[in-house]
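Colleague: Show me how the following folds:
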Amino acid sequence: IIKADLGKVDMVIYSLAAPRRTVGDTVYSSVLKTTGAPYTNKTIDLRTNEVSEITIQPATEEEIEATVKVMGGEDWEAWIDALRAADAIEDGAVTAAYSYIGPAITHPMYFEGSIGRAKAHLFATAKKLTEKYADCGIKAYISVNKALVTQSSAAIPIVPLYISILYKVMKEHGTHEGCIEQMYRLFAQKLYNGEVPTDAEGRIRLDDLEMKPEIQQEVTKLWNGLTQDNLKECADLDGYWSDFYALFGFGIDGVDYDADVEV
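Modeller: Numbers count the residues shown, from 1 in each chain. The predicted structure follows:
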């Protein structure tokens, strides 16, 4: 389709959150678990807005390997290889995969968890792809993004509550970004604004505003003091739900959701 429609592409975004992947006759399933001891912390039930404690259990080695198979960089590399073999990607093309690191409170079940192992593999794949295609100038990057309301983030324990608090703090500081604002900044300020700025590890940091010390200090203070009783004062639940509904086309100004629709 690319050959027929565009000829070649010069930018490939790899953005994936998937529960499973089929390779040949084998189906691999990803899990959201720790990789060490169980981890207990606050979470919110999005169906009831009730705050409670949750304990995340550790993954088995088999589950970790399967998560890496689904969410790691193997599929990304296969796509770039296929595009190159078909002469459907330009010399000097850029490819970027999305990732997340986040704060210490989410590390045990994200950055250091089973999904984190997959993200580490994704990062290693970026380096591998850049080296593999150095002769034609294809460069691969990891973009470490900000915590945002997405279908995938909504399914991760602890994270939606953290996002709700983060939204409150960043909106008060005037640094909040939604998905489209963040992606605009990725292209306009990072990927196509001269030399691509990266951290010491070679990663693009779109989470730079989220991870500012003053932001994280406020978030941590609110997190530690949050209870069911002060939930609305400590977290931007309305902002979270607004973004969540908008994902599916609801809560949009000017739409009459009671009107009959010819389907």
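
Colleague: where does the protein have its least confident helix or strand?
Modeller: helix 151-154 (a mean of 86; mean pLDDT, DSSP states H and E).

Colleague: Remind me what the longest helix anywhere in the chain packs against, helices and strands.
Modeller: Longest helix of the chain, by residue count under DSSP state H: helix 114-132. Secondary-structure packing of helix 114-132 (3 or more CB pairs under 8 Å, 6 or more residues apart in numbering; DSSP states H and E): helix 61-71, helix 74-85, strand 89-99, strand 139-144. Any C-beta I mention is one placed from the backbone N, CA and C, and that applies to glycine too.

Colleague: Mind putting these into a markdown table with mean pLDDT?
Modeller: Formatted as a markdown table, these follow (pLDDT from 0 to 100):
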| stretch | mean pLDDT |
| --- | --- |
| helix 61-71 | 97 |
| helix 74-85 | 97 |
| strand 89-99 | 97 |
| strand 139-144 | 97 |
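
Colleague: Mean neighbour count, those: which tops it?
Modeller: Compared across the helices and strands packed on helix 114-132, strand 139-144 shows the largest average neighbour count, a mean of 23 (mean count of other CB atoms under 10 Å).

Colleague: and the angle for that one with helix 74-85?
Modeller: Interaxial angle of strand 139-144 relative to helix 74-85 (axes from the mean of the first three to the mean of the last three CA atoms, to 10 degrees): 150 degrees.

Colleague: What helices and strands are in contact with strand 139-144?
Modeller: Strand 139-144 packs on strand 89-99, helix 114-132, strand 204-205, going by 3+ CB pairs under 8 Å, 6+ apart.

Colleague: Pairing partners for the last one, with directions?
Modeller: Okay, so that is strand 204-205. strand 139-144 (parallel) (DSSP bridges).

Colleague: Check the offset of the partner strand from the chain's centre.
Modeller: 13 Å (CA atoms, centre = their mean, to the nearest Å).

Colleague: and that strand, C-alpha only, in CSV?
Modeller: Output of strand 139-144 as CSV, limited to C-alpha atoms (Å, rounded to 0.1, in the frame of the first residue of the first chain):
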residue,chain,number,x,y,z
LYS,A,139,17.8,6.8,12.8
ALA,A,140,15.7,5.2,15.5
TYR,A,141,14.7,7.0,18.7
ILE,A,142,12.8,6.3,21.9
SER,A,143,10.5,9.2,22.9
VAL,A,144,9.9,9.1,26.7
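
Colleague: Please convert the helices and strands packed on helix 114-132 to TSV, extending it with distance to Ile158.
Modeller: Formatted as TSV, those follow (distance: least, CB to CB, whole Å):
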stretch	distance to Ile158
helix 61-71	17
helix 74-85	27
strand 89-99	18
strand 139-144	19
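
Colleague: I'd like to know which of these lies nearest to Arg185.
Modeller: strand 139-144 (10.3 Å; CB to CB).

Colleague: Show me what that closest one is in contact with.
Modeller: Residues outside strand 139-144 that contact it (CB atoms under 8 Å, 6 or more residues apart in numbering) are 80, 92-101, 122-123, 125-130, 186, 190-191, 196, 198, 202-207.
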